[in-house]
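J.: got a predicted model here, sequence first, then my questions.
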Amino acid sequence: MSKTSPIPSDAQNGQSVENMPFSTPHWYAARVTYGRVRSVYDAIMRLEQTDVTPYLPVAKRQVCQIVDGKATISIEERPVHTGLLFVNASAENYRKLLHSERPIPGLTPFYDHFSFTPMGHNNYLVVPDRQFDSFRRIIESEHDDILIDQKQVPEYLVGKRVRVIDGPFAGVEGTLLKWKHQRRVFVDLGLFGKFGTGYIRTCDFEILS
(Lines give C-alpha, C1' and ligand atoms only; values in the text may rest on other atoms or scores of the structure.)
Protein backbone atom coordinates (compact mmCIF):
# COMPACT_ATOMS: atom_id res chain seq x y z
CA MET A 1 0.00 0.00 0.00
CA SER A 2 1.45 3.34 -1.03
CA LYS A 3 1.07 6.33 1.25
CA THR A 4 -1.52 8.92 0.34
CA SER A 5 -1.96 12.52 1.43
CA PRO A 6 -4.75 12.98 3.96
CA ILE A 7 -7.85 15.06 3.37
CA PRO A 8 -7.16 18.52 4.86
CA SER A 9 -7.97 18.69 8.58
CA ASP A 10 -10.35 21.61 8.09
CA ALA A 11 -12.51 19.32 5.95
CA GLN A 12 -12.97 16.62 8.58
CA ASN A 13 -15.99 18.22 10.30
CA GLY A 14 -14.49 17.23 13.63
CA GLN A 15 -15.16 13.53 12.96
CA SER A 16 -12.39 10.98 12.81
CA VAL A 17 -12.71 8.07 10.40
CA GLU A 18 -12.18 5.44 13.08
CA ASN A 19 -15.16 6.79 15.06
CA MET A 20 -17.59 6.67 12.15
CA PRO A 21 -20.47 4.16 12.53
CA PHE A 22 -19.73 0.99 10.57
CA SER A 23 -23.19 0.96 8.94
CA THR A 24 -23.31 4.66 8.06
CA PRO A 25 -22.76 5.44 4.34
CA HIS A 26 -19.81 7.65 3.42
CA TRP A 27 -18.04 8.72 0.26
CA TYR A 28 -15.01 6.53 -0.37
CA ALA A 29 -12.31 7.38 -2.90
CA ALA A 30 -11.40 4.47 -5.17
CA ARG A 31 -8.43 4.06 -7.46
CA VAL A 32 -9.15 2.84 -11.01
CA THR A 33 -6.55 1.63 -13.48
CA TYR A 34 -6.02 3.92 -16.46
CA GLY A 35 -8.75 3.85 -19.09
CA ARG A 36 -11.22 1.79 -17.05
CA VAL A 37 -13.01 4.43 -15.02
CA ARG A 38 -16.23 4.38 -17.09
CA SER A 39 -16.36 0.59 -17.33
CA VAL A 40 -15.83 0.29 -13.55
CA TYR A 41 -18.58 2.85 -12.96
CA ASP A 42 -20.96 0.90 -15.21
CA ALA A 43 -20.05 -2.39 -13.51
CA ILE A 44 -20.93 -1.01 -10.06
CA MET A 45 -24.19 0.41 -11.40
CA ARG A 46 -25.15 -3.06 -12.64
CA LEU A 47 -24.69 -4.67 -9.24
CA GLU A 48 -27.65 -5.76 -7.17
CA GLN A 49 -26.32 -3.79 -4.21
CA THR A 50 -28.74 -0.86 -4.28
CA ASP A 51 -27.05 0.77 -1.27
CA VAL A 52 -23.73 1.13 -3.13
CA THR A 53 -23.65 4.18 -5.42
CA PRO A 54 -20.71 5.18 -7.62
CA TYR A 55 -20.04 8.76 -8.64
CA LEU A 56 -17.91 9.64 -11.64
CA PRO A 57 -17.06 13.37 -11.68
CA VAL A 58 -17.36 14.50 -15.28
CA ALA A 59 -16.56 17.92 -16.72
CA LYS A 60 -18.80 19.11 -19.53
CA ARG A 61 -18.12 21.73 -22.17
CA GLN A 62 -19.80 22.91 -25.33
CA VAL A 63 -18.07 22.07 -28.60
CA CYS A 64 -18.93 23.84 -31.83
CA GLN A 65 -18.46 21.85 -35.03
CA ILE A 66 -19.22 22.49 -38.69
CA VAL A 67 -21.29 19.63 -40.14
CA ASP A 68 -22.43 19.86 -43.78
CA GLY A 69 -21.70 23.56 -43.75
CA LYS A 70 -23.79 24.20 -40.63
CA ALA A 71 -22.58 25.00 -37.14
CA THR A 72 -23.71 22.46 -34.55
CA ILE A 73 -23.13 22.52 -30.80
CA SER A 74 -22.58 19.32 -28.86
CA ILE A 75 -21.72 18.58 -25.24
CA GLU A 76 -18.36 16.93 -24.65
CA GLU A 77 -17.85 14.98 -21.42
CA ARG A 78 -14.59 13.87 -19.89
CA PRO A 79 -13.74 12.49 -16.44
CA VAL A 80 -12.20 15.04 -14.11
CA HIS A 81 -9.60 12.42 -13.18
CA THR A 82 -8.97 9.35 -15.33
CA GLY A 83 -8.10 7.14 -12.36
CA LEU A 84 -10.55 8.29 -9.71
CA LEU A 85 -14.03 7.14 -8.76
CA PHE A 86 -16.09 7.81 -5.63
CA VAL A 87 -18.35 5.23 -4.02
CA ASN A 88 -21.10 5.97 -1.51
CA ALA A 89 -21.60 3.01 0.81
CA SER A 90 -21.29 1.84 4.38
CA ALA A 91 -17.88 0.49 5.41
CA GLU A 92 -19.36 -3.00 5.43
CA ASN A 93 -20.80 -2.77 1.92
CA TYR A 94 -17.70 -1.07 0.54
CA ARG A 95 -15.57 -3.90 1.85
CA LYS A 96 -17.95 -6.44 0.28
CA LEU A 97 -17.64 -4.60 -3.04
CA LEU A 98 -13.85 -4.73 -2.94
CA HIS A 99 -13.59 -8.33 -1.75
CA SER A 100 -16.40 -9.91 -3.72
CA GLU A 101 -16.01 -13.40 -5.14
CA ARG A 102 -16.21 -11.70 -8.52
CA PRO A 103 -14.19 -8.49 -7.99
CA ILE A 104 -14.46 -5.66 -10.48
CA PRO A 105 -11.25 -5.52 -12.57
CA GLY A 106 -9.29 -2.31 -12.11
CA LEU A 107 -10.91 -1.21 -8.83
CA THR A 108 -8.77 -0.79 -5.70
CA PRO A 109 -9.23 1.36 -2.60
CA PHE A 110 -7.25 4.31 -1.33
CA TYR A 111 -6.22 3.94 2.32
CA ASP A 112 -6.11 6.44 5.17
CA HIS A 113 -2.65 5.99 6.67
CA PHE A 114 -3.58 8.08 9.70
CA SER A 115 -6.59 5.99 10.77
CA PHE A 116 -6.76 2.36 11.83
CA THR A 117 -9.34 -0.40 12.28
CA PRO A 118 -9.55 -2.28 15.61
CA MET A 119 -7.44 -4.97 13.93
CA GLY A 120 -4.66 -2.45 13.26
CA HIS A 121 -5.22 -2.14 9.51
CA ASN A 122 -5.57 1.17 7.69
CA ASN A 123 -9.11 2.36 7.16
CA TYR A 124 -10.37 3.08 3.66
CA LEU A 125 -10.01 6.74 2.75
CA VAL A 126 -13.20 8.71 3.30
CA VAL A 127 -13.96 12.13 1.81
CA PRO A 128 -16.02 14.11 4.37
CA ASP A 129 -19.58 14.77 3.24
CA ARG A 130 -19.35 18.55 3.39
CA GLN A 131 -16.14 18.63 1.36
CA PHE A 132 -17.48 16.16 -1.17
CA ASP A 133 -20.73 18.10 -1.54
CA SER A 134 -18.84 21.32 -2.31
CA PHE A 135 -16.64 19.55 -4.85
CA ARG A 136 -19.72 18.02 -6.49
CA ARG A 137 -21.51 21.37 -6.67
CA ILE A 138 -18.56 22.88 -8.52
CA ILE A 139 -18.35 20.01 -11.01
CA GLU A 140 -22.09 19.83 -11.64
CA SER A 141 -22.50 23.60 -12.07
CA GLU A 142 -21.35 23.09 -15.70
CA HIS A 143 -19.96 26.60 -15.47
CA ASP A 144 -17.49 27.44 -18.25
CA ASP A 145 -14.94 28.96 -15.89
CA ILE A 146 -14.46 26.38 -13.12
CA LEU A 147 -10.89 25.35 -12.35
CA ILE A 148 -10.28 21.61 -12.47
CA ASP A 149 -6.95 21.54 -14.29
CA GLN A 150 -4.39 21.24 -11.49
CA LYS A 151 -1.91 23.33 -13.48
CA GLN A 152 -4.28 26.29 -13.12
CA VAL A 153 -4.92 26.22 -9.37
CA PRO A 154 -2.79 27.72 -6.57
CA GLU A 155 -0.44 25.38 -4.75
CA TYR A 156 -1.42 26.65 -1.31
CA LEU A 157 -4.86 27.68 -0.12
CA VAL A 158 -4.53 30.34 2.57
CA GLY A 159 -7.52 32.60 3.08
CA LYS A 160 -10.93 33.00 4.67
CA ARG A 161 -13.30 30.07 4.96
CA VAL A 162 -16.58 31.03 3.28
CA ARG A 163 -19.88 29.62 2.10
CA VAL A 164 -21.34 30.67 -1.25
CA ILE A 165 -24.97 31.73 -0.68
CA ASP A 166 -26.11 32.76 -4.15
CA GLY A 167 -25.39 32.16 -7.81
CA PRO A 168 -24.47 28.95 -9.68
CA PHE A 169 -22.13 27.85 -6.86
CA ALA A 170 -24.55 28.31 -3.95
CA GLY A 171 -23.76 25.86 -1.16
CA VAL A 172 -20.04 25.53 -1.89
CA GLU A 173 -17.82 25.88 1.19
CA GLY A 174 -14.12 26.48 0.85
CA THR A 175 -11.28 28.97 0.87
CA LEU A 176 -11.82 32.40 -0.66
CA LEU A 177 -8.90 33.62 -2.75
CA LYS A 178 -8.18 36.16 -5.43
CA TRP A 179 -6.67 34.12 -8.21
CA LYS A 180 -5.50 35.90 -11.34
CA HIS A 181 -7.45 39.02 -10.31
CA GLN A 182 -10.70 37.10 -9.80
CA ARG A 183 -12.39 36.19 -6.52
CA ARG A 184 -12.98 32.41 -6.35
CA VAL A 185 -13.73 29.75 -3.77
CA PHE A 186 -11.44 26.71 -3.73
CA VAL A 187 -12.18 23.25 -2.37
CA ASP A 188 -9.18 21.13 -1.36
CA LEU A 189 -9.51 17.36 -1.66
CA GLY A 190 -5.92 16.71 -0.62
CA LEU A 191 -4.45 13.91 -2.71
CA PHE A 192 -7.14 14.37 -5.36
CA GLY A 193 -6.48 18.02 -6.07
CA LYS A 194 -7.94 21.48 -5.61
CA PHE A 195 -10.99 22.73 -7.47
CA GLY A 196 -12.16 26.30 -7.93
CA THR A 197 -15.44 28.00 -8.70
CA GLY A 198 -15.86 30.66 -11.32
CA TYR A 199 -15.90 34.34 -10.35
CA ILE A 200 -17.71 35.02 -7.05
CA ARG A 201 -19.29 38.41 -6.39
CA THR A 202 -18.86 40.11 -2.99
CA CYS A 203 -22.57 39.70 -2.25
CA ASP A 204 -22.56 35.98 -3.08
CA PHE A 205 -20.72 34.62 -0.04
CA GLU A 206 -20.63 34.72 3.75
CA ILE A 207 -17.62 34.24 6.02
CA LEU A 208 -17.66 31.16 8.24
CA SER A 209 -16.57 31.43 11.84
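T.: The structure has been received and is ready for your questions.

J.: check the secondary structure at the closest residue to Glu142 other than its chain neighbours for me.
T.: Closest residue to Glu142 apart from its sequence neighbours, by CB to CB, 6 or more residues apart in numbering: Lys60 at 5.2 Å. Bear in mind the C-beta positions are built from the backbone N, C-alpha and C, glycine included. What DSSP: H, G, I helix; E, B strand; the rest coil gives for Lys60 is strand.

J.: ok, Lys60 touching Pro79?
T.: No: counting by CB atoms under 8 Å, Lys60 does not reach Pro79; the two are 11.1 Å apart.

J.: and Ser39, how many residues sit next to it?
T.: 13 (other CB atoms under 10 Å).

J.: quick check: it vs Leu107, distance?
T.: According to CB to CB, to the nearest Å, Ser39 stands 10 Å off from Leu107.

J.: ok, Cys64 next?
T.: 36 Å.

J.: looking at those two, which is more packed in?
T.: Leu107 (23 against 8).

J.: who's in contact with the more buried one?
T.: Counting by CB atoms under 8 Å, 6 or more residues apart in numbering, Leu107 touches 30-32, 40, 44, 85, 97-98.

J.: what lies in contact with stretch 73-80?
T.: 37-38, 56-65, 139, 148.

J.: farthest-apart pair in the residues you listed, please.
T.: Using CB to CB, those span at most 26.7 Å, a distance reached by Val37 and Cys64.

J.: what's the local residue count around His26?
T.: 21.

J.: that one and Tyr111, how far apart?
T.: Counting by CB to CB - His26 and Tyr111 are separated by 14 Å.

J.: quick one: least confident of the contacts of stretch 73-80?
T.: Lowest pLDDT within the contacts of stretch 73-80 is found at Gln62 (68).

J.: follow-up on the earlier one: ok, so of the contacts of stretch 73-80, who is nearest Glu206?
T.: Ile139 (22.3 Å).

J.: still on that earlier bit, give the bridge partners for the residue nearest to Glu142, please.
T.: Glu77 (DSSP bridges).

J.: can you pull the contacts of it?
T.: Lys60 touches 75-77, 142, counting by CB under 8 Å, 6+ apart.

J.: among those, which one has the most neighbours?
T.: Glu142 (13 neighbours).

J.: can you confirm that residue is in a helix?
T.: No: judged by three-state DSSP, Glu142 forms no part of a helix; its state is coil.

J.: any idea how far it lies from Pro128?
T.: Taken as CB to CB, the span from Glu142 to Pro128 is 24 Å.

J.: repeat for Asp166
T.: 24 Å.

J.: compare the two and say which one has the larger neighbour count.
T.: Legend: neighbour count by other CB under 10 Å for Asp166 and Pro128, higher for Pro128 (20 against 13).

J.: so how far is stretch 155-163 from its chain's centroid?
T.: 18 Å (CA atoms, centre = their mean, to the nearest Å).

J.: pLDDT on that stretch, on average?
T.: 91.

J.: do the same with stretch 84-99
T.: Mean predicted lDDT for stretch 84-99 stands at 94.

J.: any regions of the chain where pLDDT drops low?
T.: 1-22, 62 (pLDDT under 70).

J.: all helices of it, in order?
T.: Secondary structure of the chain by DSSP state H: the helices cover 37-45, 91-98, 129-140.
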